Structure formats: C-alpha cells, structure tokens
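Student: return atomic coordinates for the entry below.
(2 chains)
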Amino acid sequence: MVAVDASSYAGTSRPPPLLAPGHRPWREHSALPGFNGAFAFTLVYVALIILLPLAALAARPWEHGLGGFVEAILQPRTLAALRLSFGAASLAALVNVGMGLLVAWVLSRYRFPGRRIVDALVDLPFALPTAVAGIALATLYGPNGWIGSLLEPLGLKVAFTPIGVFVALLAVGLPFVVRAVQPVLEDLDASLEEASLTLGAHPVQTFVRVILPALAPALLTGFALAFARGAGEYGSVIFIAGNMPGVSEIAPLVIVTRLEQYDYAGAASVGLAMLAVSLLVLMGVNALQVMLSRRGAR
Amino acid sequence: MIPRELQTRAINGPVPAILLALTLAWLALIIGAPLATVLVEAFSKGLDTFLATFGEPDALAAIRLTLLVAAIAVPLNCAFGLAAAWSIAKFEFQGKALLLTLIDLPLSMSPVVSGLVWVLLFGARGWFGHDLDILGIKVIFAVPGIVLGTIIVTVPLIARELIPLMAEQGADEELAATTLGAGGWTAFRRVTLPNIRWALLHGVLLCNARAMGEFGAVSVLSGHIRGLTNTLPLHVEALYNDYDFVGAFSAATLLAGLAIVTLVVKTVLEQLIRAGATAKPS
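Tutor: Residues are numbered from 1 along each chain as shown, chains lettered A, B, ... in the order given. Below is the predicted model:
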C-alpha cells in the first residue's frame, strides 16, 4: 500500500493539514486523483443495492413485535424447514470436506491425462445455473432415472425426500472446499513432508501430523462457505426435494410461500434468521481460524 | 522451498491409482451424471423436437429477457467493481473493512432472500409500494425487479476479483504516471486497466454467467408471466412443471452450454492471469 505523506513532498505539495495532535484524518492524503468520484459512486451503490434492502430485511420482522418474530420462526412448519436446510447443509458440507480434500489432493499431487479438464470441471456447479442442475438431479434420482431406478429396488428413495436435498447440496458445496484447499496444498513446503518421511514416519502419520494441520484453516473455510451456500440454496434443491411441508420443505421455500400469502413480516423473519445463522457460522469459523493460527505460531 | 507445482508425480503404485479412481468416480457421479442427463433428455426425441423448443415465442422472449437483464446488470456491477476497487485498493481511509464486509454480504444471502429484500422495499405492501403504485411504476413482478434481483446477487463478483489484485499492485505506477503529467483518468486507462484486464474479464465472465443463470432471486421477483417476465431459467422451470421434459431440458442445454463456455474461457483467462503475475516481478 502506498500512502503518500504530504510532508515528504515539501514545496511541491500542499502542507500537512493542521489538526489537533492525536486527531487522525479519516483518510490519508494521496497525490493520486480520482478518489472522491470513485468513492462517492461506491458509497451510493452500496447504499442503494446492499444497505437499503438490508435495512428493509432487518426492520420488517418486528411489525408484530418480538412475539411476532418468535412466532414466525417457531411455527412447526418453519422450524422443520430451517432444520432441514441447515441440517442437510452441514451434513453435505462435512462430506464435502472429505471429498473436496481428496479431489484437491489428486489434482495438486498427481499428473494424469485430462487433469486440466477435470480441474476445470470442478467449477461446473459454480457456473451451471441452479435450475438446470435441479431438473437434472430430479430426473437422475427419480424413479425412472439412471440412479433412481438402481436405488429403488434397494428400497432407497432419494428424489422427493430429505435425502434428495442432501444429495443436491453435495454438488453445490464441492468447489468451495476444493478451491479453498488446492492452493494451500500446492504451496505446502515439500521439504517438511520429506523430513517427516526420512525421519521414519509412516505416510499416514505424515499426512495426519504434518499435512492435515497445515490444511485445517483452508478446510474450515471450505466447510463454512459450502455450508452457507448450501443452507440458502434454492434452485438445485427445489425440484428434487418434493417440498412436502414439515418433511422435505426447505427454508427458502417457506419464504416464497409466505410472500405468496403477502405475509411480508413472516417472510422477512425467516430470511433474517437464515442470514443471521449463516453469518454467525462464518464469524465462528473466522474466530476458530485465528485461534488455530495462534496455536500454530506458538 | 520447492514449489508444489514441480512436485506432481505420475500415477504409480496402488494408492495413487485408487485415489485417482475415487476422485474420477465421485466427480462423474455428482457433476458428470447431471450434465449428461441434460443432454440425453434434451435429444431423447430427436433433433427436430430439440430445435422446436427454440421456435416457441415464449422461449424467444425468455432468451431476449435474459440477455436484456444481463446487459443491464453486468455493466453496472462492472462500473461498481472498478470504482470500489479504485477507491479501496489505491487509497487509505477509515471504515475500509466495514465497506468490504458490506460488499461481500450478498454472498452469504440465500438467493431467495436476495429477491425478498426487493419485495420488502417495492412490493405491494413494501416500504415504497404505495408510492410506486400512485406513480404507476411496476417494479415487482416486472423487469425492473428482475434486474434488481440479478444485480444484488452478482454485486460482489467483479469487485472481489479486482480489489485484492489492485491492492497488491499498489499505486506506484499510477503515481508515476500522474507525476509525469497524466490526469487521473488517463492513468486509470493507460496504466491500471492494462494491469488488470484479464482479472477484469474473469470477473465479468463469472458475473455474466451468474446473471444469466440466476434462479432463486429472480423467481421471487418475476411473477412468472410467460412471454413477459420469464427469464430462461424460469422458462426451464415452467416447461418442467408442465411435464414438457424434453422442452425443459432442451432450453436447459442453452444454459449448460453457457456454463461450459464460461468454464473454458475462465480456464484460459486464469492462465493469462498467472502468466501476467509471473512475468511481472514485484
């Protein structure tokens, strides 16, 4: 970061601003022009596109007081939907931590034909519109689908059950974990591993004792992002979920239903609760990472 | 320290082989199979039925609306991304962390919530619903609402791409240019823009893919009027709910094709960005 101190430009620039000692100006002087215009545009845009909508979301649930908010959240149907969305998202994110680590490991450690293509394909869930993934999954796991018809004789129903929600979130979360872990794996100092191996550690021991601790923060980030995205996911889940109230209905669908009934306060209550939980998890993971890095530094 | 990139090994021995096989099988199951389903279902009644989907007026209207929405949302978010990155990365001011947090916030929101917030503002019972009604302006269940939903969902994508890169590059080169007499705008155009061009394109690409494929937010805001307020993803849903599976998957191939093209261009751009980062010693 270049912060140009006005005093170092004595004679060519304006003198340092006269301020009471200890008072810091809100922004450091820079000889580079263009701050005011760009900053003003940024602020107006953030205010209109992010702050104003967020204010509406934060203000609306309390229309019928705190009781109204609590009632909207604790209604059995809403509670079941929240439990399903957050439960399936945490389970899927957990599986994705394992599978994402495997995929990242193979992509960063081994050379094989088609590696570039496989690497690019990992991002498909980012790029593929969720509605497309949704109808494809519903067909694939439906009673006549390639996978659904194989599972049906085993008595396992995926489509139109809560399991379907979990299955859909597996694809949604995978790239978050892979893309968080892969760069760390690639930058990992190879000599540490070699030292561990030459000193007689078993490869499994080396993995658990040397590699895994170095990956832990990235795995945590991947988990949190996959979780937050999965809990709010709508398009790829809605077709396969079956949407039975209390059983396979996800939280975002409850919001949609409430809006259709013009229950703005109820819809906003569920929306605010979802956002709050996601942000809390993300903040918790951040705190955990700070702790981890402190312990690593000791 | 030996960079990992040089440490990749060929597959030898049972453990790497098993790990590779597991990886490929998993990716085939959760990414390959859904993609294959789209293609197989789309062409299951032959090429003529597939093509007939795109002759329908509703499909054409949906494609047109999707292009229109992206043509409004992407340039706006691009201008925002550039302005935000210029002020955040090239200058020091207080409250920067808060501003960054706010810009990232839509990424933690469910798409449905991203749609909901606009209904809370402009819906019939929203904060400004009554005023809009008097003025005769329709936002919700109309194109402006769809545009707003798309913008909020994609607002961080370009900014996030540019801020870390421009912060890393610092302001030295721009300062040198202005010292030599260039104006701020010229410094931006002739110095900054060439330095960030591939990252900017990368951000625009991702923003565009998300804008054209957005479903949740748009679904809350569109009202689902066929031929008028259905974007292509909503048109896919409408066909699917009508049990016109071939039609739904045919329309979906267009979106899947967009995703594939996006991934290919993205991979190329990432190589260019990496080449640019190594070519320029910092």
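
Student: what ranges do the strands span in the stretch 101-250 of chain A?
Tutor: Applying DSSP state E, counting those that start in this stretch to the stretch 101-250 of chain A gives strands spanning A:110-111.

Student: low-confidence stretches in the chain?
Tutor: Defaulting to chain A. Within chain A, the stretches with pLDDT under 70 are A:1-24, A:296-298.

Student: that was the other one, I meant chain B.
Tutor: Residue ranges of chain B with pLDDT under 70: B:1-7, B:279-282.

Student: tell me the domain ranges of chain B?
Tutor: Structural domains assigned to chain B are B:11-42, B:46-279, following automatic domain parsing.

Student: name the nearest residue to residue B:210, ignoring sequence neighbours.
Tutor: With sequence-adjacent residues excluded and distances taken as C-beta to C-beta, 6 or more residues apart in numbering or on different chains, residue B:210 is closest to residue B:154, at 5.0 Å. Placement of C-beta: from N, CA and C, glycine included.

Student: also residue B:158?
Tutor: residue B:81 (3.1 Å).

Student: dump the domains of chain B into JSON lines; add mean neighbour count as well.
Tutor: JSON lines is the format used below for the domains of chain B (neighbours: other C-beta atoms under 10 Å in any protein chain shown):
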{"stretch": "domain B:11-42", "mean neighbour count": "17"}
{"stretch": "domain B:46-279", "mean neighbour count": "20"}
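
Student: right, and the residue nearest to residue B:210 touches residue B:212 too?
Tutor: No - with contact defined as C-beta atoms under 8 Å, residue B:154 and residue B:212 do not form a contacting pair (10.0 Å).

Student: so what secondary structure elements neighbour the strand or helix carrying the residue nearest to residue B:158?
Tutor: Secondary structure from DSSP states H and E places residue B:81 in helix B:57-90. Contacts defined by 3 or more C-beta pairs under 8 Å, 6 or more residues apart in numbering or on different chains; DSSP states H and E place helix B:57-90 against helix A:35-46, helix B:96-104, helix B:143-169, helix B:193-213, helix B:232-241, helix B:245-279.

Student: so which of these gets nearest residue A:197?
Tutor: Ranking these by proximity to residue A:197 (C-beta to C-beta) places helix B:245-279 first, at 29.7 Å.

Student: chain center to stretch A:221-235: distance?
Tutor: Put simply, stretch A:221-235 sits 4 Å off its chain's centre (C-alpha atoms, centre = their mean, to the nearest Å).

Student: ok, that stretch near chain B or not?
Tutor: Yes - applying C-beta under 8 Å from any C-beta of the partner chain, one finds stretch A:221-235 in contact with chain B at A:228, A:231-235.

Student: now do the contacts for the closest residue to residue B:35 other than its chain neighbours.
Tutor: Spatial nearest neighbour of residue B:35, chain neighbours left out: residue B:256 (6.5 Å); criterion: C-beta to C-beta, 6+ apart. By C-beta atoms under 8 Å, 6 or more residues apart in numbering or on different chains, residue B:256 lies in contact with A:128, A:132, B:35, B:38-39.

Student: out of those, which comes closest to residue B:202?
Tutor: residue A:128 (17.8 Å).

Student: which residues touch the nearest residue to the closest one once chain neighbours are set aside?
Tutor: The shortest distance from residue A:128 to any non-neighbouring residue, by C-beta to C-beta, 6+ apart, is to residue B:259 (4.3 Å). Each residue near residue B:259 by C-beta under 8 Å, 6+ apart is listed here: A:124, A:127-129, A:132, B:209, B:213.

Student: reformat these as CSV; add distance to residue B:177.
Tutor: Below are these laid out as CSV (distance: C-beta to C-beta, whole Å):
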residue, distance to residue B:177
A:124, 41
A:127, 36
A:128, 42
A:129, 42
A:132, 45
B:209, 34
B:213, 39
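
Student: tell me the one of these nearest residue B:56?
Tutor: residue A:132 (18.1 Å).

Student: now do the contacts for that closest one.
Tutor: B:38, B:213, B:233, B:236, B:252, B:255-256, B:259.

Student: if you set the cut-off to 6 Å instead, what comes out?
Tutor: Applying C-beta atoms under 6 Å, 6 or more residues apart in numbering or on different chains to residue A:132 gives the contacts B:252, B:255-256.

Student: what sits against the spatially most central residue of chain A?
Tutor: Nearest residue to the geometric centre of chain A (C-alpha atoms, centre = their mean): residue A:225, 2.1 Å. Counting by C-beta under 6 Å, 6+ apart, residue A:225 touches residue A:176.

Student: picking up where we left off before, closest one to residue A:291 out of the contacts of residue B:256, please.
Tutor: The closest of the contacts of residue B:256 to residue A:291 turns out to be residue A:128 (C-beta to C-beta; 36.1 Å).

Student: which bits of the stretch 151-298 of chain A sit near chain B?
Tutor: Residues of the stretch 151-298 of chain A lying close to chain B (C-beta under 6 Å from any C-beta of the partner chain) are A:170-171, A:186, A:188-190, A:228, A:232, A:234-235, A:252, A:255, A:259, A:262, A:264, A:267-268, A:271, A:274-275, A:278-279.

Student: let's go with 8 Å and repeat that
Tutor: A:170-171, A:174, A:185-191, A:228, A:231-235, A:239, A:251-253, A:255-256, A:259, A:262, A:264, A:267-268, A:271, A:274-275, A:278-279, A:282.

Student: quick check, the residue nearest to residue B:158 in contact with residue B:154.
Tutor: No - counting by C-beta under 8 Å, residue B:81 stays clear of residue B:154, with 10.0 Å between them.

Student: how much space separates residue A:125 from chain B?
Tutor: Between residue A:125 and chain B the distance is 7 Å, computed by C-beta to the nearest C-beta, to the nearest Å.

Student: leaving out the residues flanking it, which one is nearest to residue B:211?
Tutor: That would be residue B:70: by C-beta to C-beta, 6+ apart, it lies 4.4 Å from residue B:211.

Student: ok, the residue in the stretch 51-200 of chain A that chain B sits nearest to - how many residues close by?
Tutor: The minimum distance from the stretch 51-200 of chain A to chain B, using C-beta to the nearest C-beta, falls at residue A:129 (2.8 Å). Number of residues near residue A:129 (other C-beta atoms under 10 Å in any protein chain shown) recorded here: 26.

Student: need the contact list for the nearest residue to it once chain neighbours are set aside.
Tutor: Of all residues not flanking residue A:129 in the chain, residue B:213 sits nearest, at 2.8 Å (C-beta to C-beta, 6+ apart). By C-beta under 8 Å, 6+ apart, residue B:213 lies in contact with A:127-132, B:233, B:255, B:258-259.

Student: same thing but at 6 Å, please
Tutor: A:129, B:233, B:255.

Student: just give me the closest of those to residue B:65.
Tutor: Ranked by distance to residue B:65 (C-beta to C-beta), the contacts of residue B:213 are led by residue B:233 at 10.7 Å.

Student: nearest spatial neighbour of the single nearest residue of the stretch 51-200 of chain B relative to chain A, skipping sequence neighbours?
Tutor: Proximity of the stretch 51-200 of chain B to chain A (C-beta to the nearest C-beta) peaks at residue B:110, 2.7 Å away. The shortest distance from residue B:110 to any non-neighbouring residue, by C-beta to C-beta, 6+ apart, is to residue A:232 (2.7 Å).
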